[in-house]
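In: here are the coordinates; sequence isn't available:
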């Protein structure tokens, strides 16, 4: 059996955008929801993407839904990481939160928005063993004081290892499914086959289950993603070159400035030394002892003796 990568646009949306039970399972597994906050049913919402940039148009896939409590959930699959992605996530979640409000609704009726972001790259290298990052709006001094209307979860897929999570079996299964299944898969882990939810997801990404047009769209996604990656690399390279050039210019300016400053300082020191020497010569001419001249001028006795020659 040959499978397609579930992280691609076509496959991700077929799994989680057409099967509510699988979407609910994924959300309950990866979001930090208490037992009494678990999602039971959802309705799909139409995607509302921010305006596309040249990087992000093809590398971001999203699925949106709302549950019976009117909580909204945004699931995004991010294939390429850019520093602007967090701002994009914040914009999307904030927009979804604000759009709940109309003339008839009151602020206290607004419901939370949860943003689950699956990232196919590593972006926090400082914590190599941490791959799930949860964000809330918290009090600066008292972290137990939380404004819980916006929740953000980022998952760094390349960092995931099956032994990393012990308490949530479905989290492990879904992350194994997302990281271990692709066109190169020869043997599917038995745990994925035995679980009814991941088994259903596997059937959804079987190559034989795809139409000819779907396979063409799948290949087209990877072609566009490759082009987007090249654009991102080129953009980063140009930014680094511009940064280096700017640094060189600033360095030259600072060098000239420092040179002038150093010259003035050295000139001042030289002038002060010459002035002290003149004073020492005058004191020598009236017969003042060398020790006394040294105390008055701050010069060393050996330097004063040189002035006598």
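Out: Now that the structure is in, tell me what you want to look at. Quick caveat: nothing in here was measured; it's all calculated off a predicted structure.
In: apart from its neighbours in sequence, what residue is nearest residue 74?
Out: residue 115 (4.8 Å; C-beta to C-beta, 6 or more residues apart in numbering). Every C-beta, even on glycine, is put in place using the N, C-alpha and C of the backbone.
In: partner residues bridging that neighbour?
Out: Counting by DSSP bridges, residue 115 forms beta bridges with residue 74, residue 152.
In: that one contacts residue 76, correct?
Out: Yes. Residue 115 lies in contact with residue 76 (C-beta atoms under 8 Å); the separation is 7.3 Å.
In: now the common contact residues for the two.
Out: With contacts taken as C-beta atoms under 8 Å, 6 or more residues apart in numbering, residue 115 and residue 76 have 89, 92 as neighbours in common.
In: where do the strands sit along the stretch 1-150 of the chain?
Out: Under the criterion DSSP state E, counting those that start in this stretch, the stretch 1-150 of the chain contains strands at 42-45, 60-67, 72-78, 113-119, 132-138, 146-156.
In: how about the first one: buried residues?
Out: Think strand 42-45. residue 42 (16 or more other C-beta atoms under 10 Å).
In: sheet partners, orientation included, of it?
Out: Partners of strand 42-45 in the sheet, by DSSP bridges, are strand 60-67 (antiparallel).
In: average pLDDT for the strand it pairs with, rounded please.
Out: The average of the pLDDT scores along strand 60-67 is 84.
In: I'd like the distance from that strand to the chain centre, please.
Out: Between the centre of strand 60-67 and the centre of its chain there are 21 Å (C-alpha atoms, centre = their mean, to the nearest Å).
In: so which of the strands of the stretch 1-150 of the chain is nearest residue 169?
Out: Nearest to residue 169, of all the strands of the stretch 1-150 of the chain, is strand 132-138, at 15.1 Å by C-beta to C-beta.
In: how far away is the residue nearest to residue 74 from residue 83?
Out: Residue 115 sits 17 Å away from residue 83, going by C-beta to C-beta, to the nearest Å.
In: neighbour count: the two, which is higher?
Out: Neighbour totals were compared for residue 115 and residue 83, and residue 115 leads with 23 against 7 (other C-beta atoms under 10 Å).
In: which strands and helices lie in contact with the helix or strand where residue 199 lies?
Out: For residue 199, the host element (DSSP states H and E) is helix 196-204. Counting contacts by 3 or more C-beta pairs under 8 Å, 6 or more residues apart in numbering; DSSP states H and E, helix 196-204 is packed against helix 9-16, helix 20-30, helix 169-180, helix 190-194.
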